[in-house]
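Colleague: Provided below for reference: sequence and predicted model.
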Amino acid sequence: MNRTFLSCALILIGVARAFAQDGRPEAIRGVTIEQKLNSSIDPALVFRNESGERVTLKQYLGRRPVVLALVYYNCPSLCNLILNGVLRVSRTLKLSAGKDYDIVAVSIDPRETPELAAAKWKSYVQKYDRPTGTSGWHFLTGDEPSIRALADAVGYRYRFDKESGTYSHASGLIVITPEGRVSRYLFGVEYSARDLRLALVDASRGRIGTPIDQILLYCFHYDPQTGKYGVVIMNVLRLGGLLTLTALAAFWLAMYRRRRAEVRP
């Protein structure tokens, strides 16, 4: 009986050591996306673009919102799912990458080269298949300090596994304002067209999109816990009441004009 108890105790101790304080295995301890809404990214951070040219983040800011994807190009699975998710949802939007917003992928692996980035760029621009795609998709590589500084600024926590030579990282996108501030997070590998569109309109402060988008932003509220936009019931009720009053006023005005026309000699 004592031996059985001792064996169970040793097993429990082993399990406890294998998991971090947050209940996850050691390999993915601290791997998460910590939301840092309204934080700024450093526009002076230096990377290399898909042509091997030295660029700064400033070159991708100032004009339109940016959809930022922190990935690595030799990732065996998750990063491809993230980029494919971006491709699918961007192809459904009327907003165009290169005209209304930019998609910037940054490799978290300092070992990766501009040649790898160029291959990714060519593949995704071809699949996107819009005239603005060549100027709307960007694939960057960089040195460890620049990568870490960008990741820290947006709350992207990842770990390198020396044994496998791969990275443990979370999945999601970060929407950046033209001024370089974190505006929204979209989690997972499948992204809602409505959520991305509203996030881009939100980040642009209404400079892109349609009047309908502004109404939708009034009716939908961003939930930082889920990274999605949910319906705000009170705003919907207010808008419904306003539309009802407007319709009644229009009806009353039409009837008033009709009666005046009938009583004229």
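Modeller: Yes, it's here. Residues are numbered from 1 along each chain as shown.

Colleague: C-alpha only now, for contacts and for neighbours.
Modeller: Fine.

Colleague: helices of the chain, start to end?
Modeller: With DSSP state H as the definition, the chain shows helices at residue ranges 2-18, 78-92, 114-128, 133-136, 144-154, 193-203, 211-219, 233-263.

Colleague: which residues are contacting the third one?
Modeller: With contacts defined as CA atoms under 8 Å, 6 or more residues apart in numbering, helix 114-128 is touched by 48-52, 73, 87, 90-91, 133-134, 137-141.

Colleague: C-alpha coordinates for it, CSV please?
Modeller: Presented in CSV, the C-alpha positions along helix 114-128 are these (Å, rounded to 0.1, in the frame of the first residue of the first chain):
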residue,chain,number,x,y,z
PRO,A,114,15.2,37.3,-48.0
GLU,A,115,15.2,34.5,-50.5
LEU,A,116,12.7,32.6,-48.4
ALA,A,117,10.7,35.8,-48.0
ALA,A,118,10.7,36.4,-51.8
ALA,A,119,9.4,32.9,-52.4
LYS,A,120,6.5,33.5,-49.9
TRP,A,121,5.8,36.9,-51.5
LYS,A,122,5.6,35.5,-55.0
SER,A,123,3.3,32.7,-53.9
TYR,A,124,0.8,34.8,-52.0
VAL,A,125,0.8,37.7,-54.5
GLN,A,126,-0.1,35.2,-57.2
LYS,A,127,-2.8,33.6,-55.1
TYR,A,128,-4.2,37.0,-54.1
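
Colleague: avg pLDDT for that helix?
Modeller: Averaged across helix 114-128, pLDDT comes to 98.

Colleague: which of the residues in it are classified as buried?
Modeller: Applying a neighbour-count criterion of 16 or more other CA atoms under 10 Å, the buried positions in helix 114-128 are 114, 116, 117, 118, 120, 121, 122, 124, 125, 128.

Colleague: got the angle for that helix vs helix 78-92?
Modeller: Relative orientation of helix 114-128 and helix 78-92, computed by axes from the mean of the first three to the mean of the last three CA atoms, to 10 degrees: 40 degrees.

Colleague: what bits of the protein have low per-residue confidence?
Modeller: Across the chain, the ranges flagged by pLDDT under 70 are 1-29, 206-222, 225, 227, 229-265.

Colleague: try 90 this time
Modeller: Scanning the chain with the threshold set as pLDDT under 90 gives 1-31, 76-77, 161-165, 195, 202, 204-265.

Colleague: tell me which residues of stretch 34-50 come out buried.
Modeller: 35-37, 40-43, 45-50.

Colleague: quick one: contacts of that stretch?
Modeller: Outside stretch 34-50, the residues that reach it (CA under 8 Å, 6+ apart) are 54-58, 61, 114-118, 121, 138-143, 146, 149-150, 153-157, 180-185, 224.

Colleague: same check on stretch 53-63?
Modeller: 42-49, 66, 102, 177-180.

Colleague: go again using 6 Å as the cut-off
Modeller: 43, 44, 45, 46, 47, 48, 178, 179 (CA atoms under 6 Å, 6 or more residues apart in numbering).
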